[in-house]
Structure formats: C-alpha cells, structure tokens
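1. Test case, fold it:
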Amino acid sequence: MANDLMGYDQLAQDALRTVVRKSVERAAGPDGLPGAHHFYIMFRTTDPDCDIDASLRDSYPEEMTIVLEHQFWDLSTNDDGFEVTLKFGGVPKYLYVPWRAVTRFHDPSVDFRLHFKYEAPEPSSKSANAPETSGSDDKADGDATVVSLEAFRKKD
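-> Model (predicted):
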C-alpha cells in the first residue's frame, strides 16, 4: 500500500471538527439549541490553550466532559475554539476550549457521535508558560482515533 502523502486522516478529522463547530455555533445563536438537541463534549484539559478554573483542572487533570443542555451562559465561538460559563456545584465557572482539544462530541437526542484523535500543538511562545504534559498524557486514545461515518450514511 502506498504512503498517504495527502494526509487524508487529518483532512477528515478537520472536516468533522467543522461539524462540531457549526453545531456549537448554532447553539450559541439567538435561538439556542433546537428541539431536544444537547451536547456532551469531551476535551483535553492538558491543551496549553484550554482555559479552565484551577479546581476543575485539579479534578480533571487530563480530560473532562461538559454538557450543553439547559443551563449554560455566554456561549460563543471563534476560529480557534469556544467559551462558555457552566455551573459546577452551583458555582459558575468560565471555560475556554480550543477546537483541537475536543476528543468526543455526542448529541444523544439523535445518537450522533464523533471521536477525534488529540494531537498537542507544537510548542510556541504563546504556550511556553503553560504546564507541560507528561508522557502519560500522550497515550493512545484507543477507539478515540476512529471517526465513525455511520451518521452520514443514508439509512434505508
């Protein structure tokens, strides 16, 4: 088999991350989440551009899952990620999550799921002061590297 010099796996990951982005953008719009739609979003807290409260980082040192359903505030998106305020133990906490840090996206109302492989960004001056990740953070994600295309197939 020939080497994939096009990088199709990464192209597919990038395209499917656009699905997540467009979904969150819609939820951030004036009409909010339509119908029964709601999102479970898992992300790597170790990403250098992830901005979460220190107590949340202590509780979730590698990954955390948030739910965007009934109670979330100030949801907005940009080219690099999204921000939202959620309550944890009754206390509002701000989160900023880069799109690249998202490892799973699930809308249980329609059983739509996406899984992504996390690849840490190259060190830069912007993230030079961020906490370094240990080798254990780079472990294989098992089935998280598989992108299911079943949701896009025509059902008979």
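
2. contact partners of the helix with the most length in the chain?
-> Criterion DSSP state H: the longest helix present in the chain is helix 8-28. Helix 8-28 is contacted from outside by 33-34, 37, 39, 41, 68, 75-77, 82, 99-100, 102, 105, 107, 114, 116-117, 147, using CB atoms under 8 Å, 6 or more residues apart in numbering. In this view, the C-beta of every residue, glycine as well, is placed from N, C-alpha and C.

3. what are the pairing partners of the following helix or strand past it, and which direction each?
-> Counting by DSSP states H and E, the next helix or strand C-terminal to helix 8-28 is strand 39-44. Note on strand 39-44: by DSSP bridges, its sheet partners are strand 63-68 (antiparallel), strand 102-107 (antiparallel).

4. which of those strands sits most buried?
-> Highest mean neighbour count among the strands paired with strand 39-44 (mean count of other CB atoms under 10 Å): strand 102-107, with a mean of 20.

5. I'd like to know how many residues surround V84.
-> Residues near V84, counting by other CB atoms under 10 Å, number 21.

6. Skipping adjacent residues, who's closest to F43 in space?
-> Nearest residue to F43, sequence neighbours excluded (CB to CB, 6 or more residues apart in numbering): A101, at 4.4 Å.

7. got the contact list for that neighbour?
-> Per CB under 8 Å, 6+ apart, neighbours of A101: 43-45, 47, 49-50, 81, 118.

8. Low-confidence ranges, the chain, go.
-> Applying pLDDT under 70 to the chain flags the ranges 124-156.

9. try 50 this time
-> 125, 127-148 (pLDDT under 50).

10. Quick check: most distant residue from the centroid of it.
-> M1 (32.4 Å; CA atoms, centre = their mean).

11. which residues does that residue contact?
-> So M1 contacts nothing (CB under 8 Å, 6+ apart).

12. and the closest residue in space to H37 that isn't next to it in sequence, what does it touch?
-> When the adjacent residues along the chain are set aside, H37 lies closest to S109, with 5.0 Å between them (CB to CB, 6+ apart). S109 is in contact with 35-38, counting by CB under 8 Å, 6+ apart.
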